[in-house]
Structures are given as structure tokens and as C-alpha cells.
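Trainee: got a predicted model here, sequence first, then my questions.
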Amino acid sequence: MKMIDLKVLPNDAKLPPVHTWHPDLCGDMDMLIKANGDWIHDGGKIHRPAMVKMFSRILWQEEGEHFLVTPVEKVRIQVEDAPFLVTQWRQMETTAGLAYEFTTATDDVMVLGENTDIWLADFHGEQRPYLRMRYGMKALLSRSVFYHLTECLEPVTVDGQTGLGLISAGKSYLLMQDE
């Protein structure tokens, strides 16, 4: 099992510049991000939220694979579905009007229509809602977040298609198309 040297990481709350790091692949790490958002290492769930958050900050996606990256190391990990899980949301006012703000379990914050988009995609025969994250990664909306959002759906038209969706920061998102 390959371990990654965490001492080389920046020690502040900002995201490290993972996109500027290009180390060689060191191998695979026995780490899995489950479809339910659990992070598993060596077969056991990581119970320390601070550790999961730290790992999430050095997560990188490349050609459909996920890696933990530092300036000097790059190790491949496995992701069942989405590496991030949205656990909270709220409505807020922006200069572009009403918007939806989402927060992941690792404290990433995104505003629909400003720095993220939402869509439904198939995962093992089930339609699941996702948000776009940094570096082409995605975040799954937890079931409870999505159920609460369905109460906010309103009629929208996107690219000539009509149905129910969300309007956030002046942009419309079709989630349930009319038949």
C-alpha cells in the first residue's frame, strides 16, 4: 500500500493548487470513496471528518480516474460514483436574483448558476442529481437535499424543452421534462 506524504501540503484553509502539480504516478492506494459518500481506507471507514476534508482538498480527476496529489506524489484511488456528497442547501439572494447554495460534507460551497450546474444522470439504473465540482469532478446531492429541492421546482424552459426545474442566479435548469 502506498502512503502519501501529507507534510508537503499547504497548511491553510484554501484549496492547494493541485492543478499545477504534475508528479509521476506512485501507484495505487487502498482507498475508496463509496457511492454513499463514505471514505474507506484499508477496508475501514475514515471516521475523522478533518482527515476526509484534507484528502478531498488534494483530490484530482484525470481521464475518468481519481488521484490524491501532492507536489511530489500521485496515487490512484477508487470512486464508486461521485467523490463529493452535498449535505446542505439554502436559498440566498444574489445580484442575479434568488440562488441555491450547496455545501458538501467536506465544506465545499457552490452556488447554482454562478460556479456550478446541476443535472440528472443514471447510476446503476437510478436517476441521481449531481453538481459540477472543481477539476471536472462531480458532487452527488444527498437524497434528503434532493427531496427538499423538489419542493422548489417550478416550470422552466431550457433549449426549447419544457418541464420542472430550478431557476438560480438567473439561470434555468430543467430537471423533469414534460412528456
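Mentor: In hand now; what should we look at?

Trainee: does the most centrally placed residue in the chain count as helix, strand or coil?
Mentor: The residue lying closest to the centre of the chain (C-alpha atoms, centre = their mean) is residue 139, at 2.5 Å. Using DSSP: H, G, I helix; E, B strand; the rest coil, the three-state assignment for residue 139 comes out as strand.

Trainee: setting the sequence-adjacent residues aside, check what's closest to it.
Mentor: Once flanking residues are discounted, residue 139 sits nearest to residue 84: 3.6 Å by C-beta to C-beta, 6 or more residues apart in numbering. Every C-beta, even on glycine, is put in place using the N, C-alpha and C of the backbone.

Trainee: for that neighbour, give me its contacts.
Mentor: Residue 84 makes contacts with 37, 56, 104, 105, 106, 108, 133, 137, 138, 139, 140, as judged by C-beta atoms under 8 Å, 6 or more residues apart in numbering.

Trainee: so for the strand or helix carrying residue 155, mean pLDDT?
Mentor: Using DSSP states H and E, residue 155 sits in strand 154-158. Averaged across strand 154-158, pLDDT comes to 95.

Trainee: same question for stretch 47-55.
Mentor: Here the average pLDDT along stretch 47-55 is 95.

Trainee: quick one: buried residues of it?
Mentor: 52, 53, 55 (16 or more other C-beta atoms under 10 Å).

Trainee: likewise stretch 40-49?
Mentor: 40, 41, 46.

Trainee: what is the end-to-end distance of that stretch?
Mentor: The first and last residues of stretch 40-49 sit 12 Å apart, counting by C-alpha to C-alpha, to the nearest Å.

Trainee: if we can go back for a sec, is it true that the residue nearest to the centre of the chain touches residue 131?
Mentor: Yes - using C-beta atoms under 8 Å as the test, residue 139 is close enough to residue 131 to be in contact (4.6 Å).

Trainee: okay, and the common contacts of the two?
Mentor: Contacts common to residue 139 and residue 131, judged by C-beta under 8 Å, 6+ apart, are 86, 102, 110.
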